[in-house]
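**Student:** Using only what follows, build the 3D model:
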Amino acid sequence: MNNMKTLSLSILLLAVSLAGCVTMSGNYVVSGTLPDGTDMKWNVSTQGRGIYTVRNGMCAAHPGATVFIRDAQTGQELKDESPYKCRK
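**Tutor:** Numbers count the residues shown, from 1 in each chain. Next up is the predicted model:
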């Protein structure tokens, strides 16, 4: 009985840990809107997980801004990541 519980728990933990490994790939354009509603004067092109570094940098420079992440080829916003509201 204990072996069955241990096996079930091991499988569950493995599934959860693998689900957390999301690999970002592709080319993206990161842009933003300042807290007063004006557009940031520049966009940044980045690849894969670099979107988080760019987004965090924009938020550090402009607290309260809104950051948009779009696929460079399609122009579609990256679901679940965009738009992102920076903390004030």
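
**Student:** And the pLDDT at Cys21?
**Tutor:** Looking at Cys21, its pLDDT stands at 43.

**Student:** Adjust the sequence numbering to begin at 468 for everything that follows.
**Tutor:** Right, with 468 as the first residue, what we last looked at is Cys488.

**Student:** Tell me where the chain has strands.
**Tutor:** Per DSSP state E, the chain has strands spanning 494-500, 511-514, 533-538, 551-552. These are given in chain order.

**Student:** Out of these, which gets nearest to Gly524?
**Tutor:** Nearest of the strands of the chain to Gly524, taken as C-beta to C-beta: strand 511-514 at 8.3 Å. Using the backbone N, CA and C atoms, a C-beta is placed for each residue, glycine as well.

**Student:** Against which helices or strands is the closest one packed?
**Tutor:** strand 494-500, helix 517-528 (3 or more C-beta pairs under 8 Å, 6 or more residues apart in numbering; DSSP states H and E).

**Student:** Which positions within it qualify as buried?
**Tutor:** Neighbour-count burial for strand 511-514, counted by 16 or more other C-beta atoms under 10 Å, picks out Val511, Thr513.
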